[in-house]
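# pasting the sequence and the predicted coordinates here, then a few questions.
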Amino acid sequence: MIHFFSTNKIRSLGSVAFLIGLNNYIFLHNLALSLPEPVLDPLEIPLEDSLIPHIIRPLTILEKTQLRENLNQLNQKAQREMRAGDVDLAFTIWYRELRLRRVLGRIEELNRLGEIGKIAWELARKEDVQVISKRISNLHKISEQENSVSLNFLIALADAYFQLNSLDDSITIYKKILKYAQKKQITLIAEKSLQGLGKLYLAKFDFPNAAKIYEKLLYRAQIKKNAYLEQFYLQILSSIYNASLQTNNSVNIKEKLVKSYFLTQKIHFIPSLKVDIGQDYQLLDQPEIASKNYQEAYTLAWKLKLFRVAEEALTKLSSLYENYKQVDYALQIYQKLLQIEKISYNYYGLMKTYGIVGEIYMEKFQYDLALSAFKEGLILARSLNYDQEYFLMKIKTINQEIKK
């Protein structure tokens, strides 16, 4: 059945529909007004600036030079605001600089993104780090869609990621650079890539991968007979193997370093290194070799008047003898240690050593010698105003034993 409506009814229904639509519009309008304004990415603001021409065209060399000078002035202004405590204003200025840097090319932009991003990271400005990271990531994505990318761009990209603590991204880029450099036999770039990877793996505490990289760098330095780099990489490898508790590898590297120091006449570095080698051999339960290294460290340190190192070597050596119950040998070493501590005016060390000597003599029931050592220690304790009670108690105990 077909229903027919009167004109009045149709008008009435139209009015109702209009009112409903109007109410919906008002509701949505008010809702939109109540929502927060969308935050505009400061690096996505349209590039209209008095420092560049209004017409889009390539800049001349002179214009680029002038723009760089102006951007450097903006950077200086931002730094002044930072020092004055207005960090927000400083970043507003830096964002303007970064927008304008695009005109000068991706590499210059990336370099500044990394530098300013590092400041944001150090100040824990999370939103700024995200904004800058997003721009770096976009530049990375754009480059991946292109047929060829310059090595300088990739190096700048890897460095920018590193400064923002995006270590995995930086590692990925450096691996690409290394692969390309090895394929094209660009030795210098390959070496710089390895150095970058080594630094990144260390930053991640990824010691196994760091060790592999620095072993490669060490090999390259040895092939080129570059003693400076060889020693530098040996030092890093020594630290890596120490940190990762690879004592055998640590000893091997340190002994190579000793040989290198001898060959390059850097004798003054050897005594402390010999002490470290002695400690490694102790960990490997090889006391004879440990003792040999401590003695060599002491002898050379004494000859070079490196009294602190000589003290350390004798302290380690005497402790080693004590651990293996060779008390008489330990006492001989402590007597030498007392001489060095007197020469070097190490009164605190002297006081401690007198205490140790006194304890050893007490265990041997040689009370007169123990009493003498503790009295010397007490004199020093009083002058230092430190640990007097310990020496007084020991002297009292010995006197009681003597009276028995």
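All right, it came through fine. Bear in mind the structure is a predicted one, so any value in this text is a computation, not a measurement. Residues are numbered from 1 along each chain as shown.
# show me the helices in the stretch 151-300 of the chain, by range?
Taking DSSP state H, counting those that start in this stretch, the helices of the stretch 151-300 of the chain run over residues 151-163, 167-184, 187-203, 207-223, 227-243, 247-263, 270-283, 287-303.
# and of these, who's closest to residue 357?
With CB to CB as the criterion, residue 357 lies closest to helix 287-303 of those, at 17.7 Å. Backbone N, C-alpha and C define where each C-beta goes, glycine included.
# thinking again about what came up before, between the helices of the stretch 151-300 of the chain, which one is closest to residue 46.
Per CB to CB, nearest to residue 46 of the helices of the stretch 151-300 of the chain: helix 151-163, 23.6 Å.
# chain center to the closest one: distance?
Remark: helix 151-163 is offset 19 Å from the chain centroid, using CA atoms, centre = their mean, to the nearest Å.
# thought residue 349 was touching residue 311?
Yes: if you go by CB atoms under 8 Å, residue 349 and residue 311 touch, sitting 6.3 Å apart.
# quick one on the thing from earlier: compile the helices of the stretch 151-300 of the chain into TSV and extend it with columns for mean pLDDT.
Formatted as TSV, the helices of the stretch 151-300 of the chain follow (pLDDT from 0 to 100):
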stretch	mean pLDDT
helix 151-163	95
helix 167-184	95
helix 187-203	96
helix 207-223	97
helix 227-243	97
helix 247-263	97
helix 270-283	97
helix 287-303	95
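# switch the ones you listed over to TSV; also include distance to residue 329.
Converted to TSV, those look like this (distance: least, CB to CB, whole Å):
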stretch	distance to residue 329
helix 151-163	52
helix 167-184	50
helix 187-203	41
helix 207-223	37
helix 227-243	28
helix 247-263	24
helix 270-283	15
helix 287-303	9
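# returning to that earlier point: overlap in contacts, residue 349 and residue 311.
Shared contacts of residue 349 and residue 311 (CB atoms under 8 Å, 6 or more residues apart in numbering): 337, 341.
# could you find the closest non-adjacent residue to the residue nearest the centre of the chain?
Nearest to the mean C-alpha position of the chain, counting by CA atoms, centre = their mean, stands residue 203 at 5.9 Å. Take residue 203 and drop its neighbours on the chain: the residue closest to it by CB to CB, 6 or more residues apart in numbering is residue 167, 5.8 Å away.
# residues near the one you found, how many?
By other CB atoms under 10 Å, the residues close to residue 167 number 16.
# what does residue 77 give?
By other CB under 10 Å, 16 other residues sit near residue 77.
# wait, what's in contact with it?
So residue 77 contacts residue 93 (CB under 8 Å, 6+ apart).
# the chain should start at 85 in everything you say after this.
Sure, I'll start counting at 85 from here, so that last one is residue 161.
# what about it, distance to residue 174?
Distance of residue 161 to residue 174, given as CB to CB, to the nearest Å: 8 Å.
# same question for residue 222.
Distance from residue 222 to residue 174, counting by CB to CB: 24 Å.
# the two - which one has more neighbours?
Neighbour totals were compared for residue 222 and residue 174, and residue 174 leads with 22 against 12 (other CB under 10 Å).
# in which helix or strand would I find that one?
Here residue 174, judged by DSSP states H and E, is contained in helix 171-185.
# can you name the element that comes right after that helix?
Heading C-terminal from helix 171-185, the first helix or strand you meet, by DSSP H and E, is helix 190-206.
# what are the buried residues along that next one?
Within helix 190-206, the residues scored as buried using 16 or more other CB atoms under 10 Å are 190-198, 200-205.
# quick one, the helix holding residue 174 and helix 190-206 angle?
Here helix 171-185 runs at an angle of 170 degrees relative to helix 190-206 (axes from the mean of the first three to the mean of the last three CA atoms, to 10 degrees).
# contacts for helix 171-185 next, please.
Under the criterion CB under 8 Å, 6+ apart, residues 126-127, 129, 131, 133, 135-136, 151, 154-155, 158-159, 161-163, 165-166, 192-193, 196-197, 200, 204, 207, 209, 212, 216, 219 lie in contact with helix 171-185.
# tally of neighbours for residue 355?
Residue 355 has 23 nearby residues by other CB under 10 Å.
# OK, contacts around it?
By CB under 8 Å, 6+ apart, the contact set of residue 355 is 381, 382, 384, 385, 388, 390, 393, 394, 397.
# let's see it at 6 Å
381, 384, 385, 390, 393 (CB atoms under 6 Å, 6 or more residues apart in numbering).
# out of those, which end up buried?
381, 384, 385, 390, 393.
# show me which pair in these is furthest apart.
Applying CB to CB across the buried ones among the contacts of residue 355, the maximum distance is between 381 and 390, 9.3 Å.
# what about residue 477, distance to residue 439?
Residue 477 sits 11 Å away from residue 439, going by CB to CB.
# quick one, which of those two is more surrounded?
Under the criterion of other CB under 10 Å, the comparison of residue 477 against residue 439 puts residue 439 first, with 21 against 11.
# for that one, give its distance to residue 410.
Taking CB to CB, one finds residue 439 at 20 Å from residue 410.
# could you do residue 203 as well?
For residue 203, the distance to residue 410 (CB to CB) stands at 58 Å.
# how near is the residue nearest to residue 287 to residue 223?
Taking CB to CB, one finds residue 251 at 18 Å from residue 223.
# what of residue 427?
In terms of CB to CB, residue 427 sits 62 Å off from residue 223.
# neighbour count winner among the two?
Between residue 427 and residue 223, counted using other CB under 10 Å, the more crowded position is residue 223 (20 against 13).
# secondary structure element for that one?
Of the helices and strands defined by DSSP H and E, residue 223 is found in helix 210-228.
# which residues are contacting that helix?
Outside helix 210-228, the residues that touch it by CB under 6 Å, 6+ apart are 125, 127, 175, 190, 197, 201, 204, 205, 233, 241, 244, 248.
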